[in-house]
Each structure stands twice: as structure tokens, then as C-alpha cells.
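Enquirer: Any chance you could fold what I've pasted below:
(4 chains)
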4 protein chains.
Amino acid sequence: MTKLNWGMIGGGEGSQIGPAHRLGAGLDGAFTFAAGALDHRADAGRDYGQRLGLAADRAYGDWREMLEGEKGREDRVDLVTVATPNSTHFEITKAFLEAGFHVLCEKPMTMTVEEGEDIVRTAAKAGRICAVNYGYTGYSLVRHMRAMVARGDLGKVRLVKAEFAHGHHADAANADNPRVRWRYDPAQAGVSAQFADCGIHAMHMASFVTGQEVTELSADTVSCIESRELEDDAMVNFRMDGGTVGRLWTSSIALGRQHGLTLQVFGENGGLRWSQEQPNQLYWMPLNGRLQVIERGEGGLSPEADRTSRVTVGHAEGMPLAFANIYADLAEAIHAAKAGRPIDPAADLYPRAEDGLRSMAAVFAVAQSGKARGAWTDARPPMFR
Amino acid sequence: MTKLNWGMIGGGEGSQIGPAHRLGAGLDGAFTFAAGALDHRADAGRDYGQRLGLAADRAYGDWREMLEGEKGREDRVDLVTVATPNSTHFEITKAFLEAGFHVLCEKPMTMTVEEGEDIVRTAAKAGRICAVNYGYTGYSLVRHMRAMVARGDLGKVRLVKAEFAHGHHADAANADNPRVRWRYDPAQAGVSAQFADCGIHAMHMASFVTGQEVTELSADTVSCIESRELEDDAMVNFRMDGGTVGRLWTSSIALGRQHGLTLQVFGENGGLRWSQEQPNQLYWMPLNGRLQVIERGEGGLSPEADRTSRVTVGHAEGMPLAFANIYADLAEAIHAAKAGRPIDPAADLYPRAEDGLRSMAAVFAVAQSGKARGAWTDARPPMFR
Amino acid sequence: MTKLNWGMIGGGEGSQIGPAHRLGAGLDGAFTFAAGALDHRADAGRDYGQRLGLAADRAYGDWREMLEGEKGREDRVDLVTVATPNSTHFEITKAFLEAGFHVLCEKPMTMTVEEGEDIVRTAAKAGRICAVNYGYTGYSLVRHMRAMVARGDLGKVRLVKAEFAHGHHADAANADNPRVRWRYDPAQAGVSAQFADCGIHAMHMASFVTGQEVTELSADTVSCIESRELEDDAMVNFRMDGGTVGRLWTSSIALGRQHGLTLQVFGENGGLRWSQEQPNQLYWMPLNGRLQVIERGEGGLSPEADRTSRVTVGHAEGMPLAFANIYADLAEAIHAAKAGRPIDPAADLYPRAEDGLRSMAAVFAVAQSGKARGAWTDARPPMFR
Amino acid sequence: MTKLNWGMIGGGEGSQIGPAHRLGAGLDGAFTFAAGALDHRADAGRDYGQRLGLAADRAYGDWREMLEGEKGREDRVDLVTVATPNSTHFEITKAFLEAGFHVLCEKPMTMTVEEGEDIVRTAAKAGRICAVNYGYTGYSLVRHMRAMVARGDLGKVRLVKAEFAHGHHADAANADNPRVRWRYDPAQAGVSAQFADCGIHAMHMASFVTGQEVTELSADTVSCIESRELEDDAMVNFRMDGGTVGRLWTSSIALGRQHGLTLQVFGENGGLRWSQEQPNQLYWMPLNGRLQVIERGEGGLSPEADRTSRVTVGHAEGMPLAFANIYADLAEAIHAAKAGRPIDPAADLYPRAEDGLRSMAAVFAVAQSGKARGAWTDARPPMFR
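Expert: Down below sits the predicted model:
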């Protein structure tokens, strides 16, 4: 398969997300890192890009320069990853889509629902991929959960129980540290802190696995550390359009949890449990049966799981490979588009602009419901009502 | 120590709860099983009682007969356990308290808040113990959690996360089985099913461990199996009088959970996690430290834990011993009362009529809030407002 | 059922094993604690016995007095538990068997193989039960493992992997503490320390579960703390008479293990794993299937498991109940003997004098092989060769 | 940093090990895949190499052609990975070392001890790196275990307990499948099957973590499936040159184990436990303390752990990243050699030819001891005696 050209905006020297994307994009050899505007300081970005192996003329000083530079090239980048500060996602993503590039945008895709709707329309009009990086959906066994639900193993799904709890912001003595504080400051973080940062991953995963969308929700948001204006803990009850009930807890003060993203799905005919910290096992309880351990990589799983499993059973796979699976989906989608052939359905699972939009609507609904003592609130973006 | 005389009402042949109480009461040799009215069928009860070793004149045909019979005896029973159908708890408990007996009543103590207040007043007036069997609080490490909170290891407790989920009522095909159906029928079960049956244990434990009472709550109650009038799944957010936020999930359709009673407590200086199915380990995360495993029976725990730990570290203890610890508390309380000496504070932990009353108020509040789409509702009994 | 009379020798005030036996014997109400010689100091024993509720004339000063006293009574004890220092087990057990009492002897049954053979012959000649307290075989799921093997679920058993490791003797600074040191002193402990104390439980369990006896073994014994004359760590490879290969590790310096008694059984058609610290779950891997969790108390288990399960599924049971199951077996055996009826086969599982004898032969074989750099050594008592 | 050129021999289309090496070498961007002789069928290898992006003149037909081709180039490969069938490792590795290339050889490095000594001498004479791919040593927490031992956290290490057990060869009905059978056939596999395939990883890890070498061993080897000439299960007791006792179990018939590589290390002052299937947690029991969970990526670990940790704490890392860490070590070593500077000591941890040699000596010792009923056997290669 021809290698695709890939470019990145943001993810400069010292960032955490930059290496993760480069690792994910590079892992399968499907993408060549060909262009970048890696830093808001133009010189630093150009220098770092060249040190990472970019040609001098494709190590750009800012995203506008990159847009101009790439637009005219024969070998222009096939995919642009946007990993800049949150407030700039909208403008950059929109500009690249309009210029005909496929985009993978870091979450949150936008800062408002209106912007989210704009991106969805822009991508549709441009006929370009706009993916959003809900990377945990790349885990092989998360994909298998989705496949099990889709093929009916659980029957009707009655309840989804989702959690994303950690304790990394529990230290009151550290609350004023700028690396922590900004998340809880509406001026910098928007209307929500912990739900927008972590909870939304769990909610997206609930949708991803059940194939249903959230319609309305009721949120109890609290700031356990009192100086925080935004919530550090939230409980969200929700309803989904296929009739499933949802319950989601997210916290940043949960001492003892590290990165506690867990999903439980309960249906008429069975229940599932999966946890991000031990992602290679999936617990399956068939109705009137016994709890079973499904191992990533075991024989006889779904095509969706097989495709995203890279090493043999019993060898742990971790988050970077989940991330890489999102890129692998995108490579497949781009190749299919180029060739005018259908996409492998087992790969057609990357999170889309519509997911980014729905997430933004859910974030605003949580904030609104939280202020209204849990009043049930429509969680759908206006364009999907 | 002199053995105490113990009597039981209910718990006839074939019941589950009868053997559990006899085992719990008998375990330490503190009580002699001396009297009983074990069955609503008088002859069956007399016969079974004698087969269990009761003297013929103390194997009674019904509770009124027992009340009359025991009242006049020198060697009357020191403690009466009431383990009859729920709707009869109030009448029997009240009658025995008024006649000067100590009582351990199965949960729920009453069917209404008004009755609950009546019992609290009656016990106070009579100067008699009225305990309620929230037996899970007897576990050694649950007592240690309480001690850790009380002595300040966690600092201010910010959040309690409680769960009691099982999947034993998930089979729609079995929903009409009378042994299952009655729980979801308001005529038999009252205003709540799963919360009243299981969730209330978790809520009581949240109070027990934090030393705080629930003041108000918001509930999302659902019937995942549609034919059920009462809820089989509920999420309850609550607030406690010491400022702690509470979150409680309970479910009977959670396939994959067996008896998932789990408590997490998050404070300023550390977090705790304990699960009923593996009750001999307690997970403790000190702020800025590492997750540690506290083992039941290890050296250096609290007096409350030491007192309720019966075998050496590494040997599992289970539910029947937790149960027995409640009886051990009661034996200590009765002996202390007889001797006019203070109770060992490490033993003064059995759940009381006040707990039974508060639980009843919480059950009604959950039912009311659930009907009002989660409206925040006062969870306190009127007499404690 | 008539209550049986039970007596105890040893287990005086402050001992650990005394309360455990009284709890186990008393748990089901099958036995009345009727006589005892609880302490080597006659007065202390008489006093303590009476405080525990024994009649003055049955609170004996020593075991010879008890033997004389009980022998002549109509209501003599049906079962005598011998829980005295190891070196006295033989003499006492033999005397009571010869006088026509059933005996439950603490392990080790004797100090030599010759004495063990003597007890086996004595019990046979007297037609009395001589049980040995390998109490871990009382766990419900251990019994289920045995039933699964016996009914062929695993096919031919290829390999048994047993462990009993703890770290409670790892502290070199504490090695001279007399409560620890005696175990490693041949003058007090005999030919083996850690294998005789703990390893032998695991080896007996391997026999119990497979229904096979150990024929020969090779041991690597070491003293990790150099001042110890006897081993604190041993690896024992063995062969069983049904062709199964065995591997057994035992250690008292394994920091991080508490009471690590674990058994894995691998057969042609499946594998099992069980651990004493989490005794309510049994892991079952059928050939070409998935790992399953068998829960104590779940429906459809074997009669052997059902009989020894006391509370509903999901409620932990622990060691004291396992212990009580041994007593329940003995009650059944004694009642059956009295009534001249067959024993319930699901109860006919208490460890016997033959097990005590085989264990003693294994202990000597381990010591001999360990000294001979692991030379393969016959592990059978002469009378069974 | 300049990118290094990397080449591969073997790992053709459809192989498992080829993609794993390309993923590992490519992950950090330190190596460019520049040359290869990927298949024993010359045309297939050339074609596949070009499809993987190799230049036509560096997609070689066989390793001799590659040796000739690369030898003369300015931009010759800096590192050659040898992933051909086991019996060819020696010849190829030796040839490339002699020609001045650095080599990473798959295990086993050779088929005999003599060949192993030859490689060690050849590498020394050539002044070139000869690494051997014991890839599990690349896990971040394995490196941390080594660091903890080295800096004295455990005090003197008394005992190492290692396991590598799986059940993937347990099916007797599948034993004649050629993909399984060859391992147990001396003509194809040499003197050992399961120990040479899996056990040796565990033994190498015991050396890696303790910093000690195995001096002598005693093995009990068995073929649980009788048609097998070589062992499918082995227990190996060993001694190390720093006085540590070792115990190692390996099995391929252990139904219920997937890839059970576990290491426990017990020292004077603490114990460690780590398992390959959950590689992101390390259990640490300090003497007289409590069991603690060390998380990969947490703050304050050793430089060795920090260097090999790629994503933030709580995000699982898996085997491919461990593999990549070996390549990262090699990149550092090659860069340091080129620059004539010292190697970062935290990176100087890749397994060496000496490890490959020692492993081969251990394999032969296990086979010899197994045949001699566990006779203690020198496990050192002659040149290191």
C-alpha cells in the first residue's frame, strides 16, 4: 500500500500529546510524517520539525503558513492532526477541511455547540473526513464489545454504567498549581472541567459500544475542592435513543483510582465489563451462565477485534496501540476514498465530527443541568433534535 | 461471662435467615437459644423449635404466646430477634420493647416513617436496646474504615461512592416467579424494591463509615424489566450533614455482579475502597502515596477491627462472622447494662433503631424523588429535622 | 438430630486453636461442648473449662483424668479433639481410640512414621474414627474441585501445582524470638519446619483433590535465614499413584504472601485454580474454552459443594466455616455409625488417620531427600508400599 | 539525533516476529528500515521488502547477498536483526559481526554452547554489539525491579521464584499438528522444548533482575502428553552466584494460564511480584510493611523505569513497547559508540551475547539434569567457569 503523507499542527517539543500522535501515526508504517507546524513560536516549531526529520520547507512556522504551503503541493498531506490548544481547534479544523484536507482533531473538537455544528456541515460539504480523537475506542476489546452488542449477544441493552475517575487533582495544596488550576477556571476551560476532560470519553464510549446516542441527561456536579469554580466530580444520569438507561461517574479527586475508565453494559441476555487499566481482558456474563474472561487476541472474536489486535494472546497491548488503531482506521478510509472503493466495515469506526458535536452538546447539557440541581436537560445538538 | 438467653421470632424451617441468625448468635457461645416462635403455623413452629433443642414450654406457637410466656420468667430471654415478614416487624418489635425486652429487628424495621419514629420513642422510653440488622457493618474492615475516618486519617471526607449491584433478577423470563415478583409489587414490598432491599445497606454503610447522616437526596429510579412497577435499578445522589457528597448505585439486573456491595470513601488525605465479596482486604491510598492493601487481622489496626477479627491474618473470614459481630456487640451491650458499667466503645457499634428510622425515611425519599424526576428531597425523618 | 457430646484436650486460655475448634464444633449446633482437659496446668484447665460452661466434674485437670472420667459415663463424649503440643498427639490419640472414643487429632498426628502406622492400626482395631485436622479441605470449592476431578470433568489429571507460601518468618531480626525459633529447631519441631508446618497442607490437598496418593518425591530444602537448622523454603517435586506429576512450593520468607495456599490442577480436558485467601471463587478453564469463575453457592454445583455451602452466593464464607465442615462430616459419620446406616457420601470426606500417616511419611521423605540433594525418595509409609 | 539505518534478515510475509521487530525498531523513529533479506525464497523476499518500502537494491534475496551489498555502502545498516529459523542464527550472526555490523539476534542465539562461546568471542574481537532478544526485560517495571535490587531496597536477595506457564499445547488431539509438534521433536528443536522456548525467558529475567548468574541447577522435566519426546513441563531449582536460590516452573499444558510469565523476588528487606499479563503494576512488600502497588509511570521511580515509560500513569503499556525499549537501548549504544561517548547507564540494559550463551548452557544443563533424575548440574558455559 502506498504510504500516506501526514502532517501535524501543535504537539511541539515537551508536549505529551505530540509524541503520542507521532507514535500512533507511525506505528504501522501507513503514514509518513511529512509536514508540521508544531509550535506557536514559529522558529521553535520550524527547528523542532526539522529535528524530527521534516524537510525544511515543510517545517512550518504556523498553521496558516502550512495551509498555504501544503495546498499547492502534489504530495500534499493526506491527513492533518490538530493538537493545538482547545480554543483554536475550530478555526484550524474548519480551514483545513475547507481546503480539502482530511482532519483528525483532538478533543474537544470545538468550544461551543454552534461551532460543532459548523464543523459537521463544513466536513459534509467538503466531502472530507473530520475525525475526533476519542482514542480509547481504539482498544481491541472495546471494539469487540461494540460488535457483541451489534450482533445481539446481549439482547436489548438495558443499562450502561460508565466511570472515569482518577485522583490526580485531589491535593488541595496543589490546587493552585497552574497546570491543574486552568482546568477549573471557566475562562480557560469553558463550562465544564472534569466532565469535559474525562467524563466525555466515558459517555462517548457508551455511545460507541451501544450504537445509541444520548438524548437527555441529569447531572449532579460538585467542586470537592471549594476554590474551584468548575466541577471536580460529577454524576450524570442519561437516556439513550434506543431506550438504554445510562449512569456515568467522573471524578478527579478519587484517591486510589489512577485512570479508572470502566464500562459496564447490561442487556437482557448478558453483561459486559471492561476497564482501561487492564484492557486485555473483557468480562462477559451470559444470562444464567458463568462469568467468563475474554482475552484480547483469542481465537474466534469479531472482525472488529481481530483487526485491531497486533500481538498474540497473553501479551499485553496498551494505550499507544489503541491510538494507532484510530490512525489505521483513517488510513483505510483515506485509501478507500482515493480508490473509490468501500471501506472495510470493521475499520469504519473512527470517531467522527458528529461525535465531537454530540460531545460538546453533552458538555453544555451537563453544565446546565448541574446548575439547575439536576434538571433533566436535552443533550442533543439542535441539528440532531 | 454468663451466657445470655436468646429468643427468635420467625426464621422457621426452610428459611434462609433463621439459620444465619442462629449461627451468628451461637458462634461465640455468648447466647443460649432459649425460646422461639419460629413459624406462623403454630404447630410447625413448636415442633421445629423443639427439634432445634428448645424446651417444650419455650417453643411457642406465636409471638404473642411467646411474649406472655417469657414476660413472667426469671430466666426470660435477654434478647429477641425479630425475623418475621416485613409488615409485622413494627408490631412485634414495639410489643417486646414495651414489655422490657431488648430486640434485634431484621431490616426494614418498619414499613413507614411514622412507625419508625414510634419505635425510636418506644425504645427510648423503655430504656431498651432496639438494634436493626444491617449486618454488613459487622465486617472487621468496615469497622476499621470507620475508625480510620473517625481518627482523621482521611481528613475531611469529600465523597462517598457506594454500590450494591447484583444480577439475580435480570432474567425477564423469570420475572413472574413469585419469589422474585413480590419485591417489585407495591402491595407487598411498599414504595421501593431494589433500593429498599439492597441500596439501603450501602447507604447505611456510608453513614456508618463516615459518621454522618444523609440529609437530602435525588434519585433516578428505573424498571429495566418493564412489567415491574417498582424499580430494579436506581442511582441516588445525596448530601450528608458533615458536608460529604454521596453517590449510590444499586441494581438487580447487573449481570456479572453477584453481591456487589462496594464502598469507596475519598477524603482530603486519602481514599479507601472495600468490597463485600473480598472482605478481608481494604485498599488505602494515602495522598501522594501508593495504594496499600490492608489485611484483616494484620497487626496495628484499630481496636474496632481487632475486636471483630477472629482468625489470623490471611485466613478468610466471611459474612457469617460479620453477622456474629453484631451479636457480639449486643452481648456486650446487654452485659454492660446488667452490670451498670460502660460499654466497650469498640463494641458500641451495632445499628440502632435510629438507623432503621433514617433508612425508612431514605426509602420514602428515594421513591418520592424517583417519581419527581430526581427532585432533591429531604431524606431525614421529621423527628430529626 | 440428637446433639452429640464433644470434648477437647488442649486449647487452653490464650491459645489460637482452641477457639477455632470450639467455633467449628459449635457452629451447626451438632455438638455440645461437654468435657475438656484444656490446659497442662490442671487448675488452670479446670477453671477455664468451667468458665466456658463445662460442668465441674467434666472440667478435667489432665487428659488421663478425662479418659477415666468419660469412659464410665452413659453420656460420655462422642468425639474428642486433641489439640495439645505435637509431641503428645500420639499417646493421647492412641489412648482414647483404645478406650472406644472417636478422635479428631490436630496435625501432625504423630512425630514418626512408626507411630502413625500404630495409630492407623489402633483405629482400625477399635473400629473408631480417627480424623486429622487438614481443615482447608473443608472449603466448599475445594470439595467441588475434588468432585469435578472424580466425575471426570478434567479427564486424566496430568499435573498438580501446589503452593503454601507466607512471609511471616522473613524478618531475620526476629528469628530468635522463641515463638518463631522453635519451628526451626529439630529438637522441638522434628525433621522439618516449613514443609511440615505448611507444605504438608498443600500436599494433602493435592491428594484430596486428585484422589491419588504421593509415591515418591524429590525436595530442595533451604534455610534462607542462615541461623536456622531446618528449612524455611522448600520445593518438592512428586509423583502420584494415578500418574499425576506434582510440584509444591512452600516458604515462610515470601514477603508479600500472607497465607498463600493455592492449588492448580491441570488435566487433559481442563484446568482449575483455587486460592485460600479468596476461597469463594474457583477458576475453571475447559480445554478450548474460556476461563470461567465458579462461585461458591451458585446453583448446579456438586452435592459435595452444596452440602458445605452455608450462605447464599456472593456472601463470602471463610476459614472458620471450612473448619466447621470437618466437624459436620464427623457428626454425620458418628450419627451414621450409631444408627448403623451408611454415611452420606458427600460428607464422607474428613481427613483420616491414613492421611496423617502418609503426611508423616512425606515429611520424613522431604527431609531425607533435602539432605541428599534432591534424590528421589519413596514417600509412602512402609505399610502402604 | 540522526536516524540509524536498520536491516532485517528473516521476518518474511506472514511471520509473527517480523512485524513485531519492525514495530519495535520503528516506534521511536530512531531507525530507518533500510535493508532486508526477508525470506528464504529470494524472489518473495525481494518483493515483500520493496512492498515494505525498501529500495530495490536493498531488498535482498538472501543474507549473503545482503552482507555483500551492505558491506560496501557508505550508508550501510547500523544494526541487523536476525530473525531466521533457529538453526541459522549462529552462522548469520557470526558473519555479520565479523563484517563489522552490530547485530540483534532472536533467541536462541545458537544451537550449542560451543557456538555461543564462538559468538561471544567473535563479538568481542570485532568490537561490535551482539544483542539477544530477551524482549520481556524491556518492560519499564522489570527495569525498575532491577533498579530496586541494585540500589539495595530488598537487601540481600534470598529467593527468586519464576514462572512461565501457558496452556496452548495442552490439547492432545492437536499434538500432531506440525505447528506444535516440531517444538517437541529433538531433530528440529534441539535438547529442550518448553524450557528452551519459554522457561529460559524467566531464567534470564531472574538474572536480569538480581544481577546474578545461574551457577548450577536441578531439573524435573516431564512430557505430560506422552507422544512428546521433549518436555512440556519442567521444574528447575537453581543457585546463583550471589547466593540467591532460584525456583522456576514452566509449562505448556497449564490450562487457564495464557502467557504466565511471573517473577517474585524475596529479599531480606522486602518482596516483589510482577506478571507479564498485567505489566503496569508491580507489587512491593517492604519488611514489616504493607503490600503496595507501584504503577508504571508514577513519579519518583528509577531512571531505568522513567526512561522506558512512554505514556502517563494509568494508561496501559504493553509488550510492543517493551520490545521497542530494547531497540531504544541499542540506538543509544550505537550512537554512543559512534560519538565515542559513554552510554547512558539507564539504557545500557539490552541482553547481550553473554546472556545468549549462558541461556544455551542452561538449556543443556536442564536437559542433562532432567535425564539424570534431577542431578545437580553445572549451568555455566565452560568459558565462564
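Enquirer: Where does residue A:367 sit, in terms of helix or strand?
Expert: Here residue A:367, judged by DSSP states H and E, is contained in helix A:353-371.
Enquirer: And that helix, what's buried?
Expert: Within helix A:353-371, the residues that count as buried by 16 or more other Cβ atoms under 10 Å in any protein chain shown are A:353-370. C-beta coordinates here come from the backbone N, C-alpha and C atoms, glycine included.
Enquirer: Now the closest residue to chain D within the stretch 101-250 of chain A: closest residue in space that isn't a chain neighbour?
Expert: Nearest residue of the stretch 101-250 of chain A to chain D: residue A:166, at 6.7 Å (Cβ to the nearest Cβ). Spatial nearest neighbour of residue A:166, chain neighbours left out: residue A:257 (5.2 Å); criterion: Cβ to Cβ, 6 or more residues apart in numbering or on different chains.
Enquirer: What is the burial count for the residue nearest to residue A:280 when sequence neighbours are not counted?
Expert: Among residues not flanking residue A:280 along the chain, residue A:296 sits closest, at 4.3 Å (Cβ to Cβ, 6+ apart). Neighbourhood size, residue A:296 [other Cβ atoms under 10 Å in any protein chain shown]: 27.
Enquirer: correct me, but residue A:296 touches residue A:317?
Expert: Yes - using Cβ atoms under 8 Å as the test, residue A:296 is close enough to residue A:317 to be in contact (6.2 Å).
Enquirer: Need the overlap of contacts for the two.
Expert: Common contacts of residue A:296 and residue A:317, defined by Cβ atoms under 8 Å, 6 or more residues apart in numbering or on different chains, comprise A:140, A:279, A:280, A:309.
Enquirer: among those residues, who's most crowded?
Expert: Of the shared contacts of residue A:296 and residue A:317, with other Cβ under 10 Å as the count, residue A:280 tops at 27 neighbours.
Enquirer: how many other residues sit next to the residue of the stretch 101-250 of chain A closest to chain D?
Expert: For residue A:166, the count of nearby residues is 23 (other Cβ under 10 Å).
Enquirer: ok, it - contacts?
Expert: A:198, A:251, A:252, A:254, A:257, A:258, A:259, A:260, D:314 are the contacts of residue A:166 under Cβ under 8 Å, 6+ apart.
Enquirer: Grab the nearest non-local neighbour of the last one.
Expert: Distances taken as Cβ to Cβ, 6+ apart place residue A:259 nearest to residue D:314, at 2.5 Å, with adjacent residues excluded.
Enquirer: Name the nearest residue to the residue nearest the centre of chain A, sequence neighbours excluded.
Expert: Here the mean C-alpha position of chain A is nearest to the C-alpha of residue A:134 (Cα atoms, centre = their mean), at a distance of 1.0 Å. Take residue A:134 and drop its neighbours on the chain: the residue closest to it by Cβ to Cβ, 6+ apart is residue A:351, 4.2 Å away.
Enquirer: repeat for residue A:362
Expert: Using Cβ to Cβ, 6+ apart, the closest residue to residue A:362 is residue A:379 (4.9 Å).
Enquirer: List of residues touching the helix or strand that residue A:274 is a member of?
Expert: According to DSSP H and E, residue A:274 maps onto strand A:270-275. For strand A:270-275, the surrounding residues in contact (Cβ under 8 Å, 6+ apart) are A:139, A:141-142, A:145, A:148, A:153-155, A:260-265, A:281-287, A:289, B:167, B:170, B:254-257.
Enquirer: and the residue of chain A most remote from its centre, helix, strand or coil?
Expert: Most distant residue from the mean C-alpha position of chain A: residue A:288, 35.0 Å away (Cα atoms, centre = their mean). Taking DSSP: H, G, I helix; E, B strand; the rest coil as the rule, one finds residue A:288 in the coil state.
Enquirer: cool, the one 10 residues further on as well?
Expert: In the three-state summary, residue A:298 is assigned as coil, counting by three-state DSSP.
Enquirer: so residue A:293 makes contact with residue C:285?
Expert: No - using Cβ under 8 Å as the test, residue A:293 is too far from residue C:285 to be in contact (9.1 Å).
Enquirer: Now do the shared contacts for the two.
Expert: Counting by Cβ under 8 Å, 6+ apart, the residues touching both residue A:293 and residue C:285 are C:291, C:292.
Enquirer: Please identify which of these two sits among more neighbours.
Expert: More crowded of residue A:293 and residue C:285, by other Cβ under 10 Å: residue C:285, with 23 against 18.
Enquirer: So that one versus residue D:162, what's the distance?
Expert: 22 Å (Cβ to Cβ, to the nearest Å).
Enquirer: Who are the contact partners of residue A:306?
Expert: residue A:346.
Enquirer: got it, and residue A:221?
Expert: A:192, A:195, A:231, A:233, A:234, A:366, A:367, A:370, A:371.
Enquirer: Quick check: mean pLDDT of the helix or strand just after the helix holding residue A:367?
Expert: Counting by DSSP H and E, the next helix or strand C-terminal to helix A:353-371 is strand A:377-378. When pLDDT is averaged over strand A:377-378, the result is 98.
Enquirer: Equivalent analysis for stretch A:349-364, please.
Expert: Regarding stretch A:349-364, the rounded mean pLDDT is 96.
Enquirer: What residues sit buried inside stretch A:155-175?
Expert: Buried-residue list, stretch A:155-175, by 16+ other Cβ under 10 Å: A:157-172, A:175.
Enquirer: Span of it from start to end?
Expert: Distance across stretch A:155-175, first residue to last, is 45 Å (Cα to Cα, to the nearest Å).
Enquirer: again with stretch A:206-221
Expert: 20 Å.
Enquirer: Up against chain C, what does chain A have?
Expert: By the rule Cβ under 8 Å from any Cβ of the partner chain, the part of chain A lying against chain C is A:290, A:291, A:292, A:293, A:294, A:295, A:298.
Enquirer: Narrow those to those in strands?
Expert: A:291, A:292, A:293, A:294, A:295 (DSSP state E).
Enquirer: Out of those, flag the one nearest to chain D.
Expert: In terms of Cβ to the nearest Cβ, no member of these lies closer to chain D than residue A:295, at 5.9 Å.
Enquirer: Distance check, the residue lying closest to that closest one once chain neighbours are set aside against chain C.
Expert: For residue A:295, ignoring the flanking residues on the chain, the nearest one in space by Cβ to Cβ, 6+ apart is residue A:313 at 5.2 Å. From residue A:313 over to chain C the distance is 11 Å, taken as Cβ to the nearest Cβ, to the nearest Å.
Enquirer: Appreciated, that's everything.
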